[in-house]
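> Let's see this in three dimensions:
(one chain, ligands or ions: 1)
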Amino acid sequence: NSETKEAESKDKDKDKDDGADGPMSAAEKSLLQKIIHKGLVESTKDLEIQRKDPSSPLYSVKSFELLHLKPELLKGVYAMGFNAPSKIQETALPTLLADPPQNMIAQSQSGTGKTAAFVLAMLSRVNVDKNYPQVLCLSPTYELAIQTGEVAAKMSQFCPEIKIKYAVRGEEVSRGSKISDHIIIGTPGKVLDWALKYRFFDLSKISVFVLDEADVMIATQGHQDQCIRIHKMLPKSSCQMMFFSATYEPEVMEFAEIIVSNPLIIRLMREEESLDNIKQYYVKCRSVEEKYVAITNIYSVISIGQAIIFCHTRRTAGWLAEKMTKDGHRVAILSGDLTVEQRIAVLDRFRAGLEKVLITTNVLARGIDVAQVTIVVNFDLPMDQNRKADCETYLHRIGRTGRFGKSGIAINLVDSEESALICQEIERHFNKKIHYLDAEDPDEIE
Ligand code: ADP
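Residues are numbered from 1 along each chain as shown. Below you'll find the model as predicted:
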């Protein structure tokens with residue numbers, strides 16, 4: 001079944017050599033993004049809205065009060081620290097909460113408030129007088145399901161009568177019994193087992209169906225088919241369908257069209273990353289030892305904020321972390337051989353400021369957006385398999401998004417003819433000067 005497949009693929013990753021970390025799976029990326037970004041990602045882009053019947057009115061709200069939520073739910077929303085709806089929530093929430101219910105497809109990058117929107121809709125549709133599952137939310141993995149469940153638990157903290165059940169690995173229901181919880185949040189394989197094989201609950205009684213992280217779902221072998229099998233058992237005319245994705249590939253829209261009929265489609269294009277507010281430098285080094293000295297010189301001038309150091313291989317990252325630690329620095333290390341739980345723990349500590357330096361491989365090129373990170377160091381310049389400049393990865397490591405991006409400093413350690421060429425190619429590609437920095441005199445920065 002799907003749960004064991006997931007576990008197997010994780011084990012395979014663990015056995016990889018200590019070379020460059022391979023790309024993360026879509027599910028891992030999504031989870032890390034959720035965990036790394038603890039606040040809303042703001043956007044300067046306009047919402048794009050599509051619907052079959054443009055004559056029906058479309059509402060948008062600027063406050064949560066205007067949604068006429070149950071008072072306990074509104075209290076939960078405020079207790080989470082939400083003051084006003086996010087950009088997509090302004091338009092999504094009135095539609096999700098409308099009567100009669102309307103279907104929706106929403107695409108926007110991670111961190112823009114999709115989960116909070118559909119969780120609020122899920123909670124407000126529950127009828128607590130009926131003791132059976134009415135709301136079903138599918139997530140691609142165990143971890144992502146738990147993340148969503150935690151949002152639901154928090155938002156419903158003043159509605160203790162609403163019961164939520166996880167349908168994920170490790171959860172058991174005794175044979176022959178029926179689930180009485182109102183909301184089920186789970187992975188497709190487990191939900192199929194529970195609904196069809198064991199008949200723990202009745203899919204024909206579901207009135208709200210949420211398919212979250214559709215792009216990740218597609219990327220996970222077998223999940224799309226399982227979702228479609230589940231969807232087939234739902235009461236088409238009376239079940240509100242909601243479909244969410246962070247990306248916009250055509251396959252996602254094809255999938256969406258199978259799942260959701262007559263939807264309101266909301267899209268918010270992602271904010272481009274740019275190097276506009278970033279001062280870029282390169283430091284000449286003759287050996288890995290000199291690179292180390294450069295790092296410690298730089299480290300000694302970081303008084304505010306934090307730094308991230310990117311290495312090409314796990315071996316270098318491990319070596320650097322060990323050396324810096326021996327020299328009395330507090331550093332955190334994050335590489336592809338850590339479990340998701342370990343990565344979360346490392347990032348939480350770093351975010352809390354317990355370590356000022358985070359050493360990592362490419363696992364985190366995208367997504368680390370810890371607001372207080374002021375310096376990014378490329379201990380090794382990013383290159384692709386052909387040892388050519390990997391400009392895209394460079395941008396993900398260094399760039400900030402839109403006008404919300406804070407200013408920052410990027411330092412590239414150049415230790416060979418090859419890396420000097422890569423550095424020049426990056427400079428040319430972005431048409432932005434990378435200034436020479438004397439590592440003996442790092443006070444020049446800032
Ligand atoms: P997505 O599902 O698009 O990734 P989330 O719903 O998880 O986005 O929201 C991203 C982050 O922003 C979360 O930490 C969430 O608690 C927070 N958030 C969501 N909606 C709001 C809001 N209206 N005001 C403030 N913070 C919000």
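> Spell out which residues of the chain are next to the ligand.
Remark: the part of the chain in contact with the ligand comprises 34, 38-40, 80, 82, 85-86, 89, 110-116, using C-beta under 6 Å from any ligand atom. Heads up, the C-betas are built off the backbone N, CA and C, glycines and all.
> May I have the phi/psi pair for the nearest residue to residue 379 once chain neighbours are set aside?
Beyond its immediate neighbours in the sequence, the residue positioned closest to residue 379 (C-beta to C-beta, 6 or more residues apart in numbering) is residue 311, lying 4.7 Å away. Here is the backbone geometry of residue 311 (degrees, to the nearest 10): phi -120, psi 160.
> For residue 266, see how far away residue 311 is.
40 Å (C-beta to C-beta, to the nearest Å).
> Repeat that for residue 412.
Distance, residue 412 to residue 266, using C-beta to C-beta: 40 Å.
> for residue 272, same thing?
Looking at residue 272 against residue 266, where the rule is C-beta to C-beta, the gap reads 20 Å.
> Mind checking which of the two has more residues around it?
residue 266 (24 against 11; other C-beta atoms under 10 Å).
> returning to that earlier point: mind pulling the model confidence for the residue nearest to residue 379?
Reading off the per-residue confidence, residue 311 sits at a pLDDT of 93.
> Check residue 348 too.
pLDDT recorded at residue 348 is 83.
> on that earlier part again, out of the residues of the chain next to the ligand, which one has the weakest pLDDT?
The member of those with the lowest pLDDT is residue 38, and it reads 66.
> Hmm, residue 377 and the residue nearest to residue 379 touching each other?
No: with contacts defined as C-beta atoms under 8 Å, residue 311 does not count as touching residue 377, sitting 9.4 Å away.
> and residue 107, that one's in a strand?
Yes: remark: residue 107 belongs to a strand, assigned using DSSP: H, G, I helix; E, B strand; the rest coil.
> wait, it sits on residue 267?
Yes: in this structure, residue 107 is within contact of residue 267 by C-beta under 8 Å, at 4.6 Å.
> Compare these two and say which is more crowded by neighbours.
Here residue 107 and residue 267 are set side by side on neighbour count (other C-beta under 10 Å), and the busier one is residue 107, at 26 against 18.
> Need the pLDDT of the more buried one.
So residue 107 comes in at 95 (pLDDT).
> And for residue 396?
Predicted confidence (pLDDT) at residue 396: the value is 84.
> Quick one: classify it as helix, strand or coil.
When the structure is split into helix, strand and coil by three-state DSSP, residue 396 lands in helix.
> Burial check on it, number of neighbours?
Applying other C-beta under 10 Å, we find 17 other residues in the vicinity of residue 396.
> Could you check how far it is from the ligand?
According to C-beta to the nearest ligand atom, to the nearest Å, residue 396 stands 18 Å off from the ligand.
> isn't that residue right next to residue 273, touching?
Yes: taking C-beta under 8 Å as the contact criterion, residue 396 and residue 273 are neighbours in contact, 6.7 Å apart.
> For residue 423, list the residues it contacts.
Residues counted as contacts of residue 423 (C-beta atoms under 8 Å, 6 or more residues apart in numbering) are 282, 381, 389, 412, 414, 434.
> any weak-confidence spans in the stretch 151-300 of the chain?
Across the stretch 151-300 of the chain, not a single residue meets the criterion (pLDDT under 70).
> can you give me the helices in it?
For the stretch 151-300 of the chain, the helices identified by DSSP state H, counting those that start in this stretch occupy 188-192, 214-219, 223-232, 250-259, 288-301, in order along the chain.
> Restrict the second one to CA atoms and write it as CSV.
Coordinates of the C-alpha atoms in helix 214-219 are reproduced here as CSV (Å, rounded to 0.1, in the frame of the first residue of the first chain):
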residue,chain,number,x,y,z
ALA,A,214,-2.7,18.6,-5.5
ASP,A,215,0.7,19.2,-7.2
VAL,A,216,2.4,17.1,-4.5
MET,A,217,-0.3,14.5,-4.8
ILE,A,218,0.4,14.2,-8.5
ALA,A,219,4.1,13.9,-7.9
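> Who are the packing partners of it?
helix 26-36, helix 223-232, strand 240-245, helix 250-259 (3 or more C-beta pairs under 8 Å, 6 or more residues apart in numbering; DSSP states H and E).
> what does the third one give?
Secondary structure elements in contact with helix 223-232, counted by 3+ C-beta pairs under 8 Å, 6+ apart, are strand 135-138, helix 188-192, strand 208-211, helix 214-219, helix 250-259.
> now the shortest one
Packing partners of helix 188-192 (3+ C-beta pairs under 8 Å, 6+ apart): helix 2-14, strand 135-138, helix 223-232.
> re earlier: dump the helices and strands packed on helix 223-232 to TSV, plus mean neighbour count.
Conversion of the helices and strands packed on helix 223-232 to TSV gives the following (neighbours: other C-beta atoms under 10 Å):
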stretch	mean neighbour count
strand 135-138	27
helix 188-192	23
strand 208-211	25
helix 214-219	23
helix 250-259	16
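> closest to residue 361 out of those?
Within these, the stretch nearest residue 361 is helix 214-219; the backing value is 21.3 Å (C-beta to C-beta).
> And for that closest one, what's in contact with it?
Outside helix 214-219, the residues within contact range by C-beta under 8 Å, 6+ apart are 25-27, 30, 138, 140-141, 144, 188, 211, 223-224, 227, 243-247, 249, 251-252, 255-256.
> Swap in 7 Å and give it another go.
The contact list for helix 214-219 (C-beta atoms under 7 Å, 6 or more residues apart in numbering) reads 26-27, 30, 140, 211, 223-224, 227, 243-247, 249, 251-252, 255-256.
> Point out the most buried one among the helices and strands packed on helix 214-219.
For the helices and strands packed on helix 214-219, the stretch with the most neighbours on average is strand 240-245, a mean of 24; neighbours defined as mean count of other C-beta atoms under 10 Å.
> tilt between that strand and helix 250-259?
For strand 240-245 against helix 250-259, the angle between stretch directions is 170 degrees (axes from the mean of the first three to the mean of the last three C-alpha atoms, to 10 degrees).
> what's strand 240-245 packed up against?
Under the contact criterion of 3 or more C-beta pairs under 7 Å, 6 or more residues apart in numbering; DSSP states H and E, strand 240-245 touches strand 104-108, helix 114-125, strand 208-211, helix 214-219, helix 250-259.
> strands paired with it, and their directions?
With DSSP bridges as the test, strand 240-245 is paired with strand 104-108 (parallel), strand 208-211 (parallel).
> For residue 291, find the nearest of these.
With distances scored as C-beta to C-beta, the stretch of the strands paired with strand 240-245 nearest to residue 291 is strand 104-108 (39.6 Å).
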